[in-house]
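Trainee: Fold the following.
(2 chains)
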There are 2 protein chains.
Amino acid sequence: MQVGNLNWTSQEKEIAQKAFETAYQRETTALIEAIRSQASQVTELEDIWQLHDFLSARRHDLDGKYDNRYGMLVFVFANLVKEGWLTHHELEGLDNDKLAKIKSLSRM
Amino acid sequence: MQVGNLNWTSQEKEIAQKAFETAYQRETTALIEAIRSQASQVTELEDIWQLHDFLSARRHDLDGKYDNRYGMLVFVFANLVKEGWLTHHELEGLDNDKLAKIKSLSRM
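Mentor: As a prediction, the model looks like this:
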């Protein structure tokens, strides 16, 4: 599947940027809530280190995940759909080829 | 200053163990409170990464600090006194040589 060399119209770029930001906002908001909740239940040192391990993993994950290079966006969106941070509906307006690729990749 | 080859009587070992545990308990309790407080104020992703950095530093610090080998205890206690997790008073019962070394090292 060729995805790295797709052309993005200016309208598609707008849709992509909005979808990207929407997903990022959702995921980071959920993370903040999860941290506040987990931290409020910390009673032992072991809980603290669990929180630390969790944060380390999430940071690593987020650092790699939100890659906004156009050559990567199809993969990024497929992953975000798969994880539930974005719906196919929110990507409407991208051309059918991109949508089909995203749909296909999101099922892998 | 020779500190690694000091002899510890069984009475001193008891005092040392109690002091060690007291300091550890105090410091970890304070850390748990600090984390709960800091986490409750998290509103942005940047706050989360600050919390993560803070936890990484504290974990590294605690991992190295509470070394309960007898050859290290004079250094450990001096450091704990210096940082305020232990008082000289709580080490009473150790011989004068050890107390003097701890006092001297805690001022460095």
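Trainee: Three-state assignment for A:L51, please.
Mentor: helix (DSSP: H, G, I helix; E, B strand; the rest coil).
Trainee: That one: what's it in contact with?
Mentor: Residues near A:L51 by CB atoms under 8 Å, 6 or more residues apart in numbering or on different chains: A:35, A:38-39, A:42, B:35, B:39, B:55. Using the backbone N, CA and C atoms, a C-beta is placed for each residue, glycine as well.
Trainee: which of those lies closest to B:N7?
Mentor: B:L55 (38.4 Å; CB to CB).
Trainee: for the closest one, what are its contacts?
Mentor: A:48, A:51-52, A:55, B:35.
Trainee: Can I get these in TSV including distance to A:D63?
Mentor: Shown next, in TSV, are the contacts of B:L55 (distance: CB to CB, whole Å):
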residue	distance to A:D63
A:I48	22
A:L51	18
A:H52	16
A:L55	12
B:I35	22
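Trainee: out of those, who's nearest B:D97?
Mentor: When those are ranked by distance to B:D97 (CB to CB), A:I48 comes first, at 36.8 Å.
Trainee: For the most centrally placed residue in chain A, give me its contacts.
Mentor: The geometric centre of chain A, computed from its C-alpha atoms, lies nearest to A:L80 (CA atoms, centre = their mean), at 4.0 Å. By CB under 8 Å, 6+ apart, the residues touching A:L80 are A:19, A:23, A:65, A:86.
Trainee: could you check the distance from A:T28 over to B:V74?
Mentor: 47 Å (CB to CB, to the nearest Å).
Trainee: And the two? Which one has more around it.
Mentor: B:V74 (25 against 18; other CB atoms under 10 Å in any protein chain shown).
Trainee: Can you give me the first-to-last residue distance of stretch A:90-108?
Mentor: Terminal residues of stretch A:90-108 are spaced 20 Å apart (CA to CA, to the nearest Å).
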